[in-house]
Structures are given as C-alpha cells and as structure tokens.
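Undergrad: Sequence and predicted structure below; questions after.
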Amino acid sequence: MKFEQITLLTSNFTETMQFYDEILECPVQKINEDCFNVEIGESTLVFQRTNELMQPYYHFAIDIPYNYFYDMKQHFQNILFLLMEEGKHSVYYESFIAHSMYFNDPSGNIVELIARATNITDEPEFSRISEMSFVCNDSTTLYEALLNYNVSTHNDTKFNPRELNFVGDAKDENYILITPEQRKWLFSDKMSLAFPITITTEQFQLSYNTKNQWKLHSL
C-alpha cells in the first residue's frame, strides 16, 4: 500500500502554501485560487481551501532517513517550534524501530517526521507520507472493508474501535491510522476530530465527507 495522493482541507490557505514552499522547501504547485499541491517524496499532498470557521486539522507522518534523524532534528529546531511530550522534543518507538519529532503547520496539522531503521539514504530528504490519520467513529465496519485489500494491523494486534489502530501493509510500512473522535494526539493538546479527507493509494480510494460518511472503492 502506497499513499499516492492525500487531499486535506485548510482554512489557512496562503500561509500553509508558503510554509511548505519556503520553510520545508517542498515542491509546491498552485492549481487555482482554492487548491495547491505539495510533493513530499513519492507522495502528493493536496490542500483545498475551506471557509469553515473551525480550522480542519489532521495528523500525518513523513518518512525521513534514519541516519540523518539527529541532523534534521537540529535543523528543524532552528527554524520550527518542535512540539514536546513529557519534556522531550522527540521519541523512540521500539515497536516500529523509529525515532520521531513533531510540529504544527499553519493549518494546525500535527506533522510527524519519522525516521525508520529501514530507511537509510545518502541525502537528508523527505521520502514519502507513510502514515495518515482517518478519524471515524464507525471504525470497525471500515476496518472490515479494508481487509479486502490485504491490509492488517501493525504486528497483527487486535483491532480496537476505541483506540488508535495502525492499519496497512507491514512490508512497506505505510499505515492508515484509524481512530475514533476525542482521543488526544501525541505531542499535542488536540483531540482527534473527523474532517473531510480523501486518501488515494494504488489499490483504493478512501474518503470521509461533510455528512460524516466514509466511502471506499477500488481503483
């Protein structure tokens, strides 16, 4: 499973576009007055303007090289406000064999930079989006539908509709983070909330609309 394109909403359009262009130095293409694309390694992140009073926000993870984690952490500490959890700016996840750091973009998204031991490169660069949140209270039915695409939970743990579940393909370490509303995100004081989103992989497209309905279909 590979994230080819992910579409999110933002009510802070211009500042978010400038952030990914000028601060993160990602290739950015403005499609029109209400949409722009960000190329993050192998993945495309699409932001669409919304006029909702409440700013939509999401959590996603970008892969960075394991061998450059501390160099990149120092770099981003100099240009960003890294978020903290229990007094620390980063964390080691033993179950994933990975280091992570977090920050907010101007849209309020909780962005994770994760360095997995399997990702060793010659350059300190973004590889791809490897984790994307999908907040949904009807999560068990969604999980059962996704099983048709040969995905599983991380380490084959039992799916828990009341908790955060890593669902994807362990071979390529890409995961949809299925979680109910009102769970606190790590390295943030924000609770998980459901907002419209579209996730496109090479196998399927998964979306959540303004009517609080999810849809899943094959490509």
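TA: Great, that's in hand.

Undergrad: And for Leu45, the neighbour number?
TA: As a burial measure, the neighbour count of Leu45 was computed by other CB atoms under 10 Å and equals 22. Where C-beta positions appear, they are placed from N, C-alpha and C, glycine not excepted.

Undergrad: Now it. Nearest residue, chain neighbours left out?
TA: The spatial neighbour of Leu45 that comes closest, neighbours along the chain excluded (CB to CB, 6 or more residues apart in numbering), is Val38 at 4.3 Å.

Undergrad: Could you grab the helix/strand/coil label for the residue nearest in space to the middle of the chain?
TA: In the chain, the residue lying closest to the centroid (CA atoms, centre = their mean) is Phe60, at 1.3 Å. Reducing the assignment at Phe60 to three states with DSSP: H, G, I helix; E, B strand; the rest coil gives strand.

Undergrad: what's next to the longest helix along the chain, contact-wise?
TA: Counting by DSSP state H, the longest helix found in the chain is helix 69-79. Residues outside helix 69-79 that contact it (CB atoms under 8 Å, 6 or more residues apart in numbering): 23, 64-65, 82, 89-90, 99, 101, 103, 113, 115, 124.

Undergrad: returning to that earlier point: could you pull up the contacting residues of the residue nearest to Leu45?
TA: Under the criterion of CB under 8 Å, 6+ apart, the contact partners of Val38 comprise 20, 26-28, 44-47.

Undergrad: And Val167, by the same measure?
TA: When the contact criterion is CB under 8 Å, 6+ apart, the partners of Val167 are 143, 146, 151-154, 159, 175-178.

Undergrad: repeat that with 10 Å
TA: Each residue near Val167 by CB atoms under 10 Å, 6 or more residues apart in numbering is listed here: 1, 134, 139, 142-143, 146-147, 149, 151-154, 159, 174-178.

Undergrad: secondary structure element for it?
TA: Assigned by DSSP states H and E, Val167 falls within strand 165-169.

Undergrad: pull the CA atoms of that strand into CSV?
TA: Only the C-alpha atoms of strand 165-169 are listed here, as CSV (Å, rounded to 0.1, in the frame of the first residue of the first chain):
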residue,chain,number,x,y,z
ASN,A,165,-5.1,1.4,15.1
PHE,A,166,-2.2,1.2,12.6
VAL,A,167,-3.8,-0.5,9.6
GLY,A,168,-1.7,-1.1,6.4
ASP,A,169,0.9,-3.2,4.8
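
Undergrad: And whichever helix or strand comes after that strand, what does it pack against?
TA: Taking DSSP H and E as the definition, the helix or strand that follows strand 165-169 towards the C-terminus is strand 174-179. Taking 3 or more CB pairs under 10 Å, 6 or more residues apart in numbering; DSSP states H and E as the contact definition, the neighbouring helices and strands of strand 174-179 are strand 3-10, strand 59-65, strand 128-135, helix 139-146, strand 165-169, strand 197-201.
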